[in-house]
Structures are given as structure tokens and as C-alpha cells.
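Student: Below are the sequence and a predicted model; questions follow.
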Amino acid sequence: MKCSLLHYLLPLLTLFFSAALRAEDPPEPNYVYWAKLVRIVDGEHLALDIDLGFGVWTHNQVLALLDAGGTGLEPDARARNNERIKKLRELLTDATDIVVRTTRDREAKPPRYLVTIWADGTNVNEELKKAFP
């Protein structure tokens, strides 16, 4: 009797748990890469060589910084941009480990990629926000 009850109960439990596993949302993509600084384009854009893995690189990729306290349209925008460039050079020039996380700005036409950067463990975007609120 026990064997027959278990015989019917086991497929039902398997079906229940497999349905529960399929009901999960798919994971969000995680685009985190190693990178090398090529040049600082301006206070909001950087050119990077990005290691995509398995020996594949994208070279001289220009990316915009994500939420780093943009320069905006102030009257002294040029001077502010120069100060941001100095701060970026200070943070990135001597960095040995640069890690980037990219996100796609789907609202921009054409779509562009935004980047969050860590240089030797320091979040560059946060440092720019602090320096240029």
C-alpha cells in the first residue's frame, strides 16, 4: 500500500516542483568587463578597450558615463568640463584594474551604451557625483 501511494505521489510532486522552477523570471543580463583606458574624450565620454572574454576585445569604444552629474548647460560649462576631465585623469590614469558595467540607453536615438566604472575598487561615477553635484 505504501509503495503504491508513493508511486502516485512522486510524479505529482515532480510536476509541482518543475512548474515552480519554470515560473521564475529569467535573470537580468550582467555585462561586466575588464577594460583599458584609451583616452578621455570629454567630461562625460571615455574611449575604452574592453575585454569581452575568450580573447575577444572591442577597441576604442566610446561610452558615456552613467549618472555622473552631467555638465549640463551652465554658462561655465567649458570650465566645468575641464575640471571633470582633470578629475577623470586623476582617477583613471594610474589605475591598474578598470572594471566597467554597461547598460543600454534605449530611449536615446540612436541607442547608446552607458557605463559605470570602477578603477582599483573606486566607483568613478560616484566620485564625479561627489565632486560635481
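Tutor: Received, thanks.
Student: This protein: strands as residue ranges?
Tutor: Per DSSP state E, the chain carries strands over the ranges 32-40, 45-53, 56-65, 98-105, 112-119, 122-123.
Student: from the ones you listed, which stretch is densest packed?
Tutor: strand 112-119 (a mean of 20; mean count of other CB atoms under 10 Å). To be clear about C-beta, it is placed using only N, CA and C from the backbone, and glycine gets the same treatment.
Student: what lines up beside that one in the sheet?
Tutor: Paired neighbours of strand 112-119 in the sheet (DSSP bridges): strand 56-65 (parallel), strand 98-105 (antiparallel), strand 122-123 (antiparallel).
Student: how far off strand 32-40 does that strand point, in degrees?
Tutor: 90 degrees (axes from the mean of the first three to the mean of the last three CA atoms, to 10 degrees).
Student: And the contacts of strand 112-119?
Tutor: The contact list for strand 112-119 (CB atoms under 8 Å, 6 or more residues apart in numbering) reads 35, 46, 48, 63-66, 91-92, 95, 97-105, 123-125.
Student: at 6 Å instead, please
Tutor: For strand 112-119, contacts defined as CB atoms under 6 Å, 6 or more residues apart in numbering pick out 63-64, 66, 91-92, 95, 98-105, 124-125.
Student: nearest to residue 77, of the residues you listed?
Tutor: residue 64 (16.0 Å; CB to CB).
Student: give me every residue that touches the residue minimising distance to the centre of the chain.
Tutor: Centroid-nearest residue in the chain: residue 101, 2.0 Å away (criterion: CA atoms, centre = their mean). Contacts here follow CB under 6 Å, 6+ apart; on that basis residue 101 touches 32, 116.
Student: Can you check the pLDDT for it?
Tutor: What the model reports for residue 101 is a pLDDT of 94.
Student: Tell me the bridge partners for it.
Tutor: Residues in beta-bridge contact with residue 101 (DSSP bridges): residue 32, residue 116.
Student: how close does it sit to residue 95?
Tutor: 16 Å (CB to CB, to the nearest Å).
Student: For the residue nearest to residue 53 when sequence neighbours are not counted, list the residues it contacts.
Tutor: Of all residues not flanking residue 53 in the chain, residue 33 sits nearest, at 7.6 Å (CB to CB, 6 or more residues apart in numbering). Counting by CB under 6 Å, 6+ apart, residue 33 touches 50-51, 100.
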